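Trainee: Predicted model, plus sequence, below.
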There are 2 protein chains.
Amino acid sequence: MLSIAGGFTSSETTLLLLSIGLMLGMGRALGELAKRVGMPALLGEIVAGILLGPGLLGRLLPGLHAELFPRSGGVFLAQQSLVLLAITLYLLVAGMEVNLRTVWRQGRAALWVGGLGLVVPFGLGFVPGWLAPDWVGGNPEQSRLVLALFLGTALSISALPVIVRTLIDLRLYKSDLGMLIVAAAILNDLLGWIIFAGVIGLMSSASGAVDAPSVESIAAGTLAFSALMLMPLRLLLRRLVPWVQDHGRWPGAVMSLAFIGALLSAAATEWIGIHAVFGAFLFGVALGDSSSLREETRATMERFISVFFAPLFFVSIGLRVDFVAHFDGLLTLVLIVLATLGKVGGCLAGSRLGGLNLRESLAVAAGMNARGAMEIILGSLALAAGLIGERLFVALVVLALVTSLASGPAIARILRPAKQRPKLLGYSGAGLFLAELRAREAESAIGELAAVIAREKHLPEGPLRQGFLERERALSTGLPNGIAVPHLRWDELPAPVIALGISRRGIDFNTSDGLPVHLVVLILTPTANRESQLAILGEIASTFPDRAALAGLDGVHEWEQLVGWYEERLAARNGA
Amino acid sequence: MLSIAGGFTSSETTLLLLSIGLMLGMGRALGELAKRVGMPALLGEIVAGILLGPGLLGRLLPGLHAELFPRSGGVFLAQQSLVLLAITLYLLVAGMEVNLRTVWRQGRAALWVGGLGLVVPFGLGFVPGWLAPDWVGGNPEQSRLVLALFLGTALSISALPVIVRTLIDLRLYKSDLGMLIVAAAILNDLLGWIIFAGVIGLMSSASGAVDAPSVESIAAGTLAFSALMLMPLRLLLRRLVPWVQDHGRWPGAVMSLAFIGALLSAAATEWIGIHAVFGAFLFGVALGDSSSLREETRATMERFISVFFAPLFFVSIGLRVDFVAHFDGLLTLVLIVLATLGKVGGCLAGSRLGGLNLRESLAVAAGMNARGAMEIILGSLALAAGLIGERLFVALVVLALVTSLASGPAIARILRPAKQRPKLLGYSGAGLFLAELRAREAESAIGELAAVIAREKHLPEGPLRQGFLERERALSTGLPNGIAVPHLRWDELPAPVIALGISRRGIDFNTSDGLPVHLVVLILTPTANRESQLAILGEIASTFPDRAALAGLDGVHEWEQLVGWYEERLAARNGA
């Protein structure tokens, strides 16, 4: 019987649907499980692939495995095309997390950390690739220069999505230190991908195939395409996105714009001779820069990808390779040591040069060492392109997972002493409390509360408000629990100051879930004491873990009531 | 150069990404355009396919067209597998709109309309298929019985998603008449698909292929599978969905459950020998029945599908066939006349037998005549299976579009005289107004307002509240504009009664956008006067088109203020 998918027989259709259902089913189930125990979802998804792949199912039921996941034919091509689509859309979302303005705002420190955090591990990776290409597992038919360049890139890449998620978990994402880490990682990723695009191009050029483009055309193409995407297209999207948001139905229209742009950009880079995913990534960067793109749109797209496409890709990683047979403990260990030494050393040096103290520098270095999905994508591209063998690929995947898992606990341990719990309200008072904010929008709410601080603490109102607003525009401080925490550091301040305002109706703070904010906490800390900001942000996040905690705000009309309400929450938290 | 999608060359990868980008780009752009001028999106999407397909691009640039949309090879298989995935997920969502409880609640009338609305057009379609198989364009190698059965099914199917959208546009969806139409369409669709699954099975069985299952096994498989999905699986999902919602992260976990279930069910039906889409549809029916599945989850999934997968499928319809060459005006006209006569006649008879008056019956018949996507899917399955030729396929697509487009205007014209605008507040009064509802949940808000009606109109409070609640449980009356309109008909009531309540904090009414409701309008109308309900619902929907219109509620604390506020809105609307 013919299927609607002309070209497939009925039994191929059955196998295709069954295999995708199994990949998604196992991937999502183990991914959720991994999250439950505090690990990244992609770890569970890769394990699901190993279970369905040659690692387990291929050993237990080789016949079934060969039918479900064949190595050629229609079902194979269909699965591969889905994986291609999945990775293209995944890179789009990864690119959208790259916020170029964040880098400029963080300035010198971000440049140092991003630069040295790239150069040092790149050097450490280049050496073994150049000296011992066979031992690390390069393809002997490939040039050792290409392999050395690839390994340098692989050790120096960092994984922005993992870093962002770690910072969110540690409640550091919206802090200044978190922004610095993110900015450095953005710079690092952007440079890393541009280098990698060149490497992939070089490799196909060196392969001597008939249709291979020349080195010069690859290099020119990479640079020209990057420049095109990051300048004219980025500026075009800044105008186009608001237009689409106004004229199309939200969020479908903007999402479609993103998907279509990513697919066409991916086709363009593949045509140039660098890889498809690079085009999708750069389109994401250009799109994510548009300040009118709402946080909620970004979050909706991420959900869309993470529910369907991302699991398909990561499961396919485990499916592709026999992880059990190709695991080389020594190689993996050497790579982990080199990668960590290079990244931590480079970032530490960069942070110190950028003016951070030692503890902050260590935290930044620990954060930057996470590699996650980006490393895995890089590895799988190199594997598919025949640059590396399965042994090195498996080592890179393990490297990615280990560095990602270690990053969060390491930051937490480094910063732990800073987490003495302040009594939030100790920095505030009746004069710094507004029982009902008049504002309906974030900027006017910040203005109201900044005026209160200026009056009570005899500070200049204009610069104060301006400082809070600039910080807010760089990255919204609205948290998903219905609280916003605009913060600013101020040079000559003896102790932190906090102003609180309640809005029963709710204020739009451009939160990722689109829900309104009911409690606005303006935080002003001494510039010299960076840790007080982290401590206060942590305190707020742990006292009010979710929206439900705000229900009691309903009955708060006076400062004394607020204090009582807050003490209750504190007691409940400490009791729990 | 090898691509990450092993098995594809770099130029194939480029073409694949480019073709999907173009399909999505053209499809979404023309789909949005169609919506803008009040047509269904799928019309624009099909036109996009015609422009990219043999209809236009194939004529203008045959070389480019053949490269982008080849008829064999890797790119072809990849595109076809995406279309298969798209239609599988589309049918899942279509199935989820089938709410079996709605059918039981509407009882006798729905059975009559659904039954006769299926049987009469089925008969009218069977006759030409049986008598003139060649003229209607059947494949001469197929049995004429199979063709006649198919054509009967094709003329009798109705399109639930189109009907739901039409009713929403006309503000009739939440009315009792709207519920009846939906219930009848559900019954109609369910039976139609079961028949069609049998027809497809019969056909492959009659084809005499080596691996073709026997007629008996097809029939037994269809019935056994339907019974399994609609009984044990449905009951299992009723328990599983709340568990997944509690234990996974919303809405990703439930969406994944839906996708995985649909893919595996589709594989199962394809394996049985009926078609893959049938399994996805039935799984959707079983899942949609779970009362704990939130409206918002359903809406999120529909958005997910309609932004990416649905456009790919409908564009592929236009791509597959040369609509210009295969359009047969006479055949199309005959089918439209037969289909409309059969459907309108059958539904009219059914509605009258079910106890509706003539005008209501005409409205029901006009609504049921929409065919939309379901017809197109049926046709494309039959085309892919070789049962029908391209001429009949094109006629069926045009039939689907024409009947869908005609349906809305026809209902609106039939019901127009009923739309004399009532002054909403004329049915209410100071005693029927609560300036601040105490309730936080839908059921208690209904209870508060029902008590008010009972007190003012001397009606029994218990049965009144019970009636409103039962109606509410069948289908939430929360509208996306922040208003909820629980309604009930009451036997011995001289005139409609309306009670209004305001909630500044908002009440969860299980709306499709998940946003809270701020104005609750309880509507009690005389049973005898069905049109008064429609008129009041229409009045509310057009006076408060969106949430912004509710901003003024903030200052309403007395009945006089509410009247003034409402008159202002009315004046603004009439002025605009």
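Mentor: That came in fine, so what should we check first?
Trainee: how about residue A:218, secondary structure?
Mentor: helix (DSSP: H, G, I helix; E, B strand; the rest coil).
Trainee: what number of residues lie near the closest residue to it other than its chain neighbours?
Mentor: Distance criterion Cβ to Cβ, 6 or more residues apart in numbering or on different chains; nearest residue to residue A:218, sequence neighbours excluded, is residue A:201 at 3.2 Å. Using the backbone N, CA and C atoms, a C-beta is placed for each residue, glycine as well. Residue A:201 has 27 neighbouring residues, counting by other Cβ atoms under 10 Å in any protein chain shown.
Trainee: how far out from the middle of the chain is the helix or strand of chain A with the lowest mean pLDDT?
Mentor: Every helix and strand of chain A was ranked by mean pLDDT, DSSP states H and E. The lowest is helix A:160-169, at a mean of 75. Centroid separation between helix A:160-169 and its chain, computed with Cα atoms, centre = their mean, to the nearest Å, is 6 Å.
Trainee: Show me what that helix packs onto, helices and strands only.
Mentor: helix A:176-206, helix A:358-368, helix A:372-384, helix A:390-415 (3 or more Cβ pairs under 8 Å, 6 or more residues apart in numbering or on different chains; DSSP states H and E).
Trainee: distance between the first one and the chain's centre?
Mentor: Offset of helix A:176-206 from its chain centre (Cα atoms, centre = their mean): 13 Å.
Trainee: Could you do stretch A:371-380 as well?
Mentor: Distance of stretch A:371-380 from the chain centroid (Cα atoms, centre = their mean) equals 13 Å.
Trainee: sorry, back to before: tell me the pLDDT of the residue nearest to residue A:218.
Mentor: Per-residue confidence (pLDDT) for residue A:201: 74.
Trainee: cool, the one 5 residues further on as well?
Mentor: At residue A:206, the model reports a pLDDT of 60.
Trainee: And for residue A:60?
Mentor: 93.
Trainee: Setting the sequence-adjacent residues aside, check what's closest to residue A:275.
Mentor: Nearest residue to residue A:275 in three dimensions, chain neighbours excluded: residue A:200, at 5.1 Å (Cβ to Cβ, 6+ apart).
Trainee: what number of residues lie near the one you found?
Mentor: 28.
Trainee: what's near enough to touch it?
Mentor: Residues near residue A:200 by Cβ atoms under 8 Å, 6 or more residues apart in numbering or on different chains: A:274, A:275, A:381, A:382, A:385.
Trainee: wait, the last one sits on residue A:201?
Mentor: No. Counting by Cβ atoms under 8 Å, residue A:385 stays clear of residue A:201, with 10.5 Å between them.
Trainee: just to revisit the earlier point, pretty sure the residue nearest to residue A:218 is touching residue A:270, no?
Mentor: No. Judged on Cβ under 8 Å, residue A:201 makes no contact with residue A:270 at a distance of 11.1 Å.
Trainee: which residues do those two both contact?
Mentor: With Cβ under 8 Å, 6+ apart applied, the contact sets of residue A:201 and residue A:270 do not overlap.
Trainee: residues contacting residue A:146?
Mentor: Residue A:146 is in contact with A:199, A:202, A:203, A:206, A:387, counting by Cβ under 8 Å, 6+ apart.
Trainee: Looking at those residues, spot the one nearest residue B:494.
Mentor: Distance from residue B:494 was checked for each of those by Cβ to Cβ. The minimum falls on residue A:199, at 83.0 Å.
Trainee: Distance-wise, check the closest one relative to residue B:470.
Mentor: To residue B:470, residue A:199 is 67 Å away according to Cβ to Cβ, to the nearest Å.
Trainee: and these two? which has more neighbours close in?
Mentor: The neighbour count for residue A:199 versus residue B:470, taken as other Cβ under 10 Å, is higher for residue A:199 (28 against 11).
Trainee: And what about residue A:557, helix, strand or coil?
Mentor: Put simply, residue A:557 is coil when judged by three-state DSSP.
Trainee: Is it in contact with residue A:435, as I believe?
Mentor: Yes. Contact criterion Cβ under 8 Å: residue A:557 and residue A:435 qualify, at 4.9 Å.
Trainee: show me what contacts the spatially most central residue of chain A?
Mentor: The C-alpha lying nearest the average C-alpha coordinate of chain A belongs to residue A:161 (Cα atoms, centre = their mean; 1.5 Å). Contacts here follow Cβ under 8 Å, 6+ apart; on that basis residue A:161 touches A:94, A:97, A:372, A:373, A:374.
Trainee: could the residues you listed be laid out in TSV, adding neighbour count, distance to residue B:451 and pLDDT?
Mentor: Conversion of the contacts of residue A:161 to TSV gives the following (neighbours: other Cβ atoms under 10 Å in any protein chain shown; distance: Cβ to Cβ, whole Å; pLDDT from 0 to 100):
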residue	neighbour count	distance to residue B:451	pLDDT
A:94	26	55	83
A:97	19	52	78
A:372	26	57	80
A:373	23	56	81
A:374	26	60	81
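Trainee: Dump those residues into a markdown table; add distance to residue A:474 as well.
Mentor: Shown next, in a markdown table, are these (distance: Cβ to Cβ, whole Å):
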| residue | distance to residue A:474 |
| --- | --- |
| A:94 | 20 |
| A:97 | 14 |
| A:372 | 24 |
| A:373 | 25 |
| A:374 | 24 |
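Trainee: Let's have these in a markdown table, adding distance to chain B.
Mentor: Shown next, in a markdown table, are the contacts of residue A:161 (distance: Cβ to the nearest Cβ, whole Å):
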| residue | distance to chain B |
| --- | --- |
| A:94 | 15 |
| A:97 | 18 |
| A:372 | 18 |
| A:373 | 14 |
| A:374 | 14 |
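Trainee: ok, of the residues you listed, which one's closest to residue B:48?
Mentor: Within the contacts of residue A:161, proximity to residue B:48 (Cβ to Cβ) peaks at residue A:94, which comes in at 29.0 Å.
Trainee: can you list the residues of the stretch 351-500 of chain A near chain B?
Mentor: Residues of the stretch 351-500 of chain A lying near chain B by Cβ under 8 Å from any Cβ of the partner chain: A:380, A:381, A:384, A:385, A:386.
Trainee: For these, pick the one with the most neighbours.
Mentor: residue A:380 (25 neighbours).
Trainee: Now that that residue has come up, it's in contact with residue A:390, right?
Mentor: No. If you go by Cβ under 8 Å, residue A:380 and residue A:390 don't touch, sitting 10.9 Å apart.
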